[in-house]
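[1] sequence and computational prediction follow.
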Amino acid sequence: MKRKLYQKCFALTAVFCLTMGLLGGCAPKTETTTKNTPKDSTSDVSEQWNLAKTTPDAPYPEEVTYTIGLQVNANVTFPEGSNDTAENNGYTRLYKNKLNIQNKNIFEAVDGEDYEQKVSMAITTGEIPDIMSVDYKTLKELIDNDMIEDLTESYNNCASDLMKEIYASNDNKSLEMATFDGKLYAIPVTSISAGQEMLWLRGDWMDKLNLKEPETIADIEHILQEFVEKDPGNNGAGKTVGLVLNPDIYYGGYAQAYQANNIFTYFGAYPEQWVADKDGNAVYGSVQPEMKRGLEVLADWYKKGLIDQQVAIRNFDDITALVTSGQCGALFCGWWAPYTLESSYALNNEVDWRSYIVPAGEDGKVTMFAGDPNQHYKVVRKGYEHPEVLVKAVNVSLNYNQGTSSYTDTSDIAKEYLDYVNHAYGVDPIGGFDYYNAAALAYEHINEAIEGKRDPQNMIMYENTLYQSCQKYLDAIAKGEKADSTDWLNYNARMVSSKLMYETPVNVVQPVFFDQTDSMPLKWSTLQKMEREAMLKILTNEKSVDYFDAFVDEWIKAGGEQITKEVNEAIK
Amino acid sequence: MRKPKKQLYYHVMMLPGMIFLAIFSFVPMFGIIMAFQNYIPAKGILNSKWVNFDNFKFIFTIPDSKQIFFNTITIALGKMILGVIVPVCFALLLNEIRRKAFKKTIQTIVYLPHFLSWVVLASVVQYIFSYEGPINSILSALQISPIMFMGSNTWFRPIMILTETWKEFGYGSIIYLAALTGIDPGLYEAAAIDGANRFKRLLHITLPGILPIILIMTTMSLPNILSAGFDQIFNLYNPLVYESGDIIDTYVYRVGMLQRQYSLATAVGLIKSVAGAILIATANKLVTTFSDRRMF
């Protein structure tokens, strides 16, 4: 069994390579960030630095690098033929051009869940990027462990008037949520008000069956019944499904698709929301007795076949497929439903979706609950030299998206930036946010522009794009042509349903708590599971509506009582 | 061969494997500490608060823990039992086929599903058992009113067990088919001369011949008693069947991953590993006691 020397050499080399390969994977990453510190100490330059640090718009005299964790769109593509990367593209060049700042991406993640995981990994290893977005819970964790910068001074010095105006559109609630002990720890990314939930019905079916517009719960029931029984869409007997609902959770979202919040708020129930009761104490909406009356209606509809009989086993995409293929003619959704309904129009241009804000309560208004003021929070790593970079960069983004710079700035860099924004190449390292009432404002502005009362340049850039699309839709209709489906979408969302939202008065219930309490992380998912299970069983008639009481008892025992107590302590 | 110098040579060749094992199996074990802490990522393992057995206590006090354990064990046990019986029967049947081409074709076809992910198969299963699906069409042809299989607590568990068995039995039978070829053909000839019919030969030669393999395979599957198949159930369940279908892994996913309770998830993982280790040791003991074979 004598082996030849070369065989031995070969085997040993192979072993060596494998070992090195393994160990190589564990080697510490080399530091790649370069820090640009001012070297020239002449008074002129130091004045420039000072100016950059304390004013909204002044650029830095030398390039400032900041590292980020970037959340990108799943289908990010760059313009054809360009050599752009996530660190050098239309967005980053604008920031570089305006402020002389350059991003370096430590990690990139595609969707929200993936991003959160990468963030928590970064926190675990203690190597967080200079700037990143986090959720409320993580924000608090970072503050508790002194890992992020206090941005109060940066905000006071560098926030532009536009940024302040946008925060003011929701009574500065966003800033309040990011402020702890009087210190601002994050630049909150605001949520746009989703507006009230609407009932979306196939108008072409209603015309065919001679149905009048719905107002009451009984009207809705009648329309659903006609749809299901008379099969106006020629799907074949028994193939038309009634109202579609999302089985995971058919209430509680802010005008999300496939829920039925209006049926609950009609009876004074605010599912999944922490609302104040008569005495000002916070209570959880899903376990209040008012819920039962809403459940009664929905369970009854299910029994009569007016709600999708297979609701339990559908997922979001299945439901969208039903709607697109014309098997379903009724759903609840906010003003933005045409974004989901576009493909049903693209398939069949007789499709005519109409929206109704129903059923109105005794005062003639529908009640909605307002959402969390913020989507997420942008934070700066503790110890980063230029914390104001974040505020200044957001200023730039807001100037071009919500301000007027997109019209006044005709430079190539700006043009390229706008091209990037319009194509939604999702690689903006910083990004901005919008007015709380952005959807209503957009309607107001676009409507005025169409009526010729407003200069189309006197509106934010995105609105201008929408205005042009709406105008194209109107031109196509005037010529008797089939409108492009994107224009159909924009016109219906921005001019039809937004108009309805804009003009219909509505009661707004403001939830009192969006946070998490100490025992929530452990117990909430158990309670949530109980809730979803019980609600779906009641909806599908597997349990009677009276089962709700048993569910509430169990919910209180399993930790609901304690969490309610904690919430009440937290809001004091 | 026994010279120390030679042995060193072989040990060096084992080095990459050992390093691999150390990095990916031993080093991460330090993370188990998290199960006894209230782990907060920002504080890290070193500074998080020590809570002793609180996480374990919590697992057994949550209202659903009994149900979740019961679901997990019934589903896993069902899958294990069918996962032995079906592949063995299939291997025995296939072994009786004389036409080689036919045998090979069948073998290839049945083991294809093994390579498909549950994410894909879930849609297929959903469709087959849906209201408009083939099963309900057959039922309605027989004048039986349609059943919502995937929303029924009676049917959910059997469907999970059956579909998993369907997916894996082809793959599982490979090892038995290999064992079958190892049986001395002389034994069959002798039995035939003694007048044993085909069934008798199966009972007295074939089965005892592959029994050791069956025992080993069963023992090896025992540690999985607390893993009922996350991929499959996660893709197929819905709130209506939480009662019968929610298993430890799906629960941990919802609590540990979505709510980011890493300590709790680690504690559950530890329970699963310890239970698996105890089971495999016991099974090994039993196998050694009742037969002259052993695994370790």
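    Received the coordinates, thanks.
[2] over to A:V509: give its phi and psi.
    phi -100, psi 130 (degrees, to the nearest 10).
[3] secondary structure class for residue 9?
    I went with chain A, as the question did not name one. Using DSSP: H, G, I helix; E, B strand; the rest coil, the structure places A:C9 in helix.
[4] hmm, I typed the wrong one, I wanted A:K104.
    From three-state DSSP, the assignment for A:K104 is strand.
[5] that one and A:M163, how far apart?
    With distances taken as CB to CB, to the nearest Å, A:K104 is found 25 Å from A:M163. For the C-beta atoms, the positions are set from N, CA and C on the backbone; glycine is no exception.
[6] show me which of those two is the more surrounded one.
    A:M163 (23 against 15; other CB atoms under 10 Å in any protein chain shown).
[7] mind giving me the packing neighbours of the helix or strand where that one lies?
    Using DSSP states H and E, A:M163 sits within helix A:161-168. In terms of contacts (3 or more CB pairs under 8 Å, 6 or more residues apart in numbering or on different chains; DSSP states H and E), helix A:161-168 is packed against strand A:187-190, helix A:388-401.
[8] between helix A:388-401 and that helix, find me the angle.
    If you take axes from the mean of the first three to the mean of the last three CA atoms, to 10 degrees, helix A:161-168 sits at 90 degrees to helix A:388-401.
[9] mean confidence score for helix A:161-168?
    Helix A:161-168 carries an average pLDDT of 95.
[10] what distance separates stretch B:172-179 from the centre of its chain?
    16 Å (CA atoms, centre = their mean, to the nearest Å).
[11] which residues does that stretch contact?
    B:83, B:86-88, B:90-92, B:94-95, B:107, B:110-111, B:209-210, B:213-214, B:217 (CB atoms under 8 Å, 6 or more residues apart in numbering or on different chains).
[12] tabulate the CA atom coordinates of it in PDB.
    Extracted as PDB, the C-alpha positions of stretch B:172-179 are listed here (Å, rounded to 0.1, in the frame of the first residue of the first chain):
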ATOM      1  CA  GLY B 172     -37.600   6.100   1.500                       C
ATOM      2  CA  SER B 173     -37.900   2.900  -0.400                       C
ATOM      3  CA  ILE B 174     -34.500   3.200  -2.100                       C
ATOM      4  CA  ILE B 175     -32.600   2.000   1.000                       C
ATOM      5  CA  TYR B 176     -34.900  -1.000   1.400                       C
ATOM      6  CA  LEU B 177     -34.500  -1.900  -2.300                       C
ATOM      7  CA  ALA B 178     -30.800  -1.800  -1.800                       C
ATOM      8  CA  ALA B 179     -31.100  -4.100   1.200                       C
END
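[13] contacts only, for the nearest residue to A:L500 once chain neighbours are set aside.
    Sequence neighbours aside, A:S355 is the residue nearest to A:L500 in space, at 5.8 Å (criterion: CB to CB, 6 or more residues apart in numbering or on different chains). Applying CB under 8 Å, 6+ apart to A:S355 gives the contacts A:198-201, A:335, A:337, A:496-497, A:500.
[14] give me the subset of those that lies in strands.
    A:198-201 (DSSP state E).
[15] do the one helix or strand in chain B whose mean pLDDT sits lowest and chain A meet?
    For chain B, counting by mean pLDDT, DSSP states H and E, helix B:44-47 ranks last in confidence among helices and strands (a mean of 81). Yes. Interface with chain A: helix B:44-47 contributes B:G44 (CB under 8 Å from any CB of the partner chain).
[16] show residues contacting that helix.
    With CB under 8 Å, 6+ apart, helix B:44-47 has contacts from A:124, A:126, B:30-31, B:33-34, B:37, B:39.
[17] alpha carbons of that helix, as CSV, please.
    What follows is helix B:44-47 as a C-alpha-only set of coordinates in CSV (Å, rounded to 0.1, in the frame of the first residue of the first chain):
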residue,chain,number,x,y,z
GLY,B,44,-25.8,40.5,23.4
ILE,B,45,-25.4,37.1,25.0
LEU,B,46,-22.9,38.4,27.6
ASN,B,47,-25.1,41.1,29.0
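[18] list the buried residues for stretch B:221-236?
    Using 16 or more other CB atoms under 10 Å in any protein chain shown as the test for burial, stretch B:221-236 gives B:221-229, B:232-236.
[19] ignore the last one, stretch B:168-175
    For stretch B:168-175, the neighbour count (16+ other CB under 10 Å) marks B:168-170, B:172-173, B:175 as buried.
[20] TSV please, covering those residues and showing secondary structure and pLDDT.
    Output for those, formatted as TSV (DSSP: H, G, I helix; E, B strand; the rest coil; pLDDT from 0 to 100):
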residue	secondary structure	pLDDT
B:E168	helix	92
B:F169	helix	93
B:G170	helix	92
B:G172	helix	89
B:S173	helix	92
B:I175	helix	90
